[in-house]
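**Q** pasting the sequence and the predicted coordinates here, then a few questions.
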There are 2 protein chains.
Amino acid sequence: MNDTISDRRKDLRARHDRVMGQGAPLFYDEPIQLVRGEGVWLYDVDGTRYLDCYNNVPCVGHANERVVAAMHSQAATLNVHSRYLHENVIRYAERLTSLHHDGLESVVIVCTGSEANEIALAIAREATGRAGIVCTDATYHGNTPEVAKLTHRPVDRPAAGVRSIATPQMYRPSTPGLSEDQLCDGAIADLETQIAAFESDGTGFAGAIFCPLLANEGLTNPPAGFFERMVDVVHRAGGLVIADEVQAGFARSGSWWGYETVGFRPDVAVVGKPMGNGLPIAGVVAPHDLISNFRQRHRYFNTFAASPLQAAAGNAVISEIESRGLVDQVARVGADVKSELQQLQPERPSMGDVRGHGLFIGVDWVHPGTTDPDPDGAAAVVEAMRSRRVLLSRAGEHGNVLKIRPPLIFDSEHADILLEAFAEATDGTLGV
Amino acid sequence: MNDTISDRRKDLRARHDRVMGQGAPLFYDEPIQLVRGEGVWLYDVDGTRYLDCYNNVPCVGHANERVVAAMHSQAATLNVHSRYLHENVIRYAERLTSLHHDGLESVVIVCTGSEANEIALAIAREATGRAGIVCTDATYHGNTPEVAKLTHRPVDRPAAGVRSIATPQMYRPSTPGLSEDQLCDGAIADLETQIAAFESDGTGFAGAIFCPLLANEGLTNPPAGFFERMVDVVHRAGGLVIADEVQAGFARSGSWWGYETVGFRPDVAVVGKPMGNGLPIAGVVAPHDLISNFRQRHRYFNTFAASPLQAAAGNAVISEIESRGLVDQVARVGADVKSELQQLQPERPSMGDVRGHGLFIGVDWVHPGTTDPDPDGAAAVVEAMRSRRVLLSRAGEHGNVLKIRPPLIFDSEHADILLEAFAEATDGTLGV
């Protein structure tokens, strides 16, 4: 019987690799075949139930009833492109912009975060008439060619129009022994250097793009005030600040937006992943004049975007977050999980650091007695957690930061399950 | 009462322009506020019913029951990203590739046609190790920066890595008096010239991308054998041929694919718009080794793509096309519409040419007694048709080609309504 199930999964895997191509990414040594989801739970084809501590897209829960009903009702009524007027699309856009500070009053709605970040870069470049974009060194802002230039590029190999700064790593300083203040001063100086380089090589400086949580850098967590200083430098140089809220936004950090949690006001906010609880939707929120300038230059149209279906899902997601008080819940549950994980550290020297905001928590996995990253050990924890029926993953420039990022509806009862499994999986006697 | 409705619509328009930005595109002098769709019909907020002769995305009809039910059922069960295995996603990918010729056996599923075309260009460039892409001169392959370089760029102002050829215009030759054969020979020679230019300037030639129906060029309709000759030239130069089937595919032309209708076999096929009847989904279909090569180089992942929700909608669309025999219906109804329109030509000298394939028909609107394009006249016809409650639009490099492109379920009874309205709207005594 087990052989049959295993054979079937092998066959499915072979079909997957054939039709999707070799190298289409799959999680886990033996991939999971999912068939059903509900709230924070996922079920595989054998009926095994997993606690989902990884997926941020289904933010208000897998198969959320309100979102499913709203999408169904709208799909059965009308779904059409944005060159006709539709009351609910406009209302959704107004609602989305009203969640940001007053200056961000207009939006370009698109389908994916990559599309949105490409537009954000164009807006910054066209508003300033200059091309240079500064990003962080281990970042990811999408998979299309123009934003892919931002992906993990060492400072000494700049792409045309892109330069990166060394992200200040609080736990693992680039130069051992540097204090937090010295690391932040170094990053600020690096930002100034890259801006000056753009100015002296004729590129000119258009702006900077940051994930407020520095998620792909491993949630490095610089101290309060750091981002405000970065913004000051960007603004003094005449650039725009783009907050990439694709991972950080929609209550993930215990505020509506990551930029609120870390304390700055962007000129452009890019939103995505959780917006439609799984329906493709993303957007660029910015001042009216910047959006209008972009519209008029490009006559931008996106076939599937700003549709009644997107608006229905998007409105339902915002309503769920608001009516269930998820911003506060995320802050509360996330703080508890982080604190409980920190209590496990003394007996687990591989847990070098526990950090993050809200329900986006990283555990920096190291070789005991050092701060040296241990990606293989982290990978083993991910597999050990899977065998304990809890799904999580890894992040960071070394791939050694365990990434705990469950749906926003994750509550204390789920935290208990996660923590018990984590304590077991990382107990030295169990072989991890 | 009418004032109130008009005031409300003005207010909605003002809200739209504020929140979406000035310049977000809207159809018609006075935009239509839609509230409901069913089959080939659309209803505005006042209850007015329009015959939809424009929208290709809801290919199996607005609010199609099978698609709506499939999406609802799947959204209520599971919708998650593609790094877990899912039987129905793999089955959909297999079904989609099996609709193409044998060489095209693998697929990268994405969300938008722009994303898909960006990947197709990357595949051609990486497979050949060369950068140069040839396209046609009045084309459109998407709105993201890399594919936007292909948009309507005169031959004498090439972008880096992109050169365009003069599309052979059968009805309105670039040099008056040239025969069809001479025009085609000229285009072939132009293709050879652009390839040689890439080779001599060090760019190298990667491949060519064509919409098989030359839709954005105004459905220019070169004679049988033309595309086969183009493909031969591309292959002899070591390049790949990309068929952009985003508009041409999914039974639109009376075959499953536009490349079948015009008679060639692409190396890469890009599919999009109608795939999910309105759900964002697109894809790149290509040989297994090309897809695998792309996967391995980029570790490409798309958050919302290759999801169970996309697969559910995509499968339902294919099932509808197959079970309702829409490929044949489109061929039959489309041929009738074209023929009936051609019968209107003698009394309407502005109808310079009627052409197209299947349910993608263009009427080249000219100043009477000439072949000079008349975009203002075409725009007036579009408005006059709207006042007769029929929706269509314009295409072509001059914007003077009336574009008739209804959902695939458009049948003879709908054709009669279209043709009666068109005959009225274009009757000289009615002021157009």
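**A** Yep, that arrived.
**Q** and stretch A:340-350, how far out from the chain's middle?
**A** Between the mean C-alpha location of stretch A:340-350 and the chain-wide mean there is a distance of 25 Å, by C-alpha atoms, centre = their mean, to the nearest Å.
**Q** contacts for it, please.
**A** Applying C-beta atoms under 8 Å, 6 or more residues apart in numbering or on different chains, the external contacts of stretch A:340-350 come out as A:351, A:354, A:361, A:363, A:365-369, A:374, A:377, A:415, A:419, A:422-423, A:426-428, A:432. (Each C-beta comes from the backbone N, C-alpha and C, glycine too.)
**Q** the residues you listed in strands, which ones?
**A** Mapping the contacts of stretch A:340-350 onto strands (DSSP state E) picks out A:351, A:354, A:361, A:363, A:365.
**Q** give the bridge partners for the third one, please.
**A** Using DSSP bridges, the bridge partners assigned to residue A:361 are residue A:356, residue A:404.
**Q** separation between it and residue A:399?
**A** As for residue A:361, its distance to residue A:399 is 17 Å (criterion: C-beta to C-beta, to the nearest Å).
**Q** who has more neighbours out of the two?
**A** Ranked by neighbour count (other C-beta atoms under 10 Å in any protein chain shown), residue A:361 and residue A:399 place residue A:361 first, with 24 against 16.
**Q** find me the pLDDT at the more buried one, would you?
**A** Note on residue A:361: pLDDT of 98.
**Q** what ranges does the stretch 51-200 of chain A have for its helices?
**A** A:65-75, A:87-98, A:113-128, A:145-148, A:180-200 (DSSP state H, counting those that start in this stretch).
**Q** what residues sit buried inside the longest one?
**A** The reference is to helix A:180-200. A:183, A:184, A:186, A:187, A:188, A:190, A:191, A:194, A:195, A:197, A:198 (16 or more other C-beta atoms under 10 Å in any protein chain shown).
**Q** right, and the third one touches residue A:178 too?
**A** Yes - Residue A:186 sits in contact with residue A:178 when judged by C-beta atoms under 8 Å, with a separation of 7.2 Å.
**Q** show me where pLDDT drops low in the stretch 1-150 of chain A?
**A** Residue ranges of the stretch 1-150 of chain A with pLDDT under 70: A:1-3.
**Q** any idea how far residue A:159 is from residue A:145?
**A** Taken as C-beta to C-beta, the span from residue A:145 to residue A:159 is 11 Å.
**Q** out of these two, which sits in the busier spot?
**A** Set residue A:145 next to residue A:159 and count neighbours by other C-beta under 10 Å: residue A:145 wins out with 17 against 13.
**Q** can you check what pLDDT the model gives the residue in the stretch 301-432 of chain A that chain B sits nearest to?
**A** Relative to chain B, the nearest point of the stretch 301-432 of chain A is residue A:304 (3.9 Å; C-beta to the nearest C-beta). According to the prediction, residue A:304 has pLDDT 97.
**Q** for the closest residue to it other than its chain neighbours, give me its contacts.
**A** Take residue A:304 and drop its neighbours on the chain: the residue closest to it by C-beta to C-beta, 6 or more residues apart in numbering or on different chains is residue B:280, 3.9 Å away. Residues counted as contacts of residue B:280 (C-beta under 8 Å, 6+ apart) are A:111, A:279, A:280, A:304, A:305, B:111, B:112, B:304, B:310.
**Q** among those residues, who's most crowded?
**A** residue A:280 (33 neighbours).
**Q** distance of it from residue B:97?
**A** In terms of C-beta to C-beta, residue A:280 sits 22 Å off from residue B:97.
**Q** what's the answer for residue A:279, then?
**A** Residue A:279 sits 25 Å away from residue B:97, going by C-beta to C-beta.
**Q** how about residue A:317?
**A** Separation of residue A:317 from residue B:97 (C-beta to C-beta): 33 Å.
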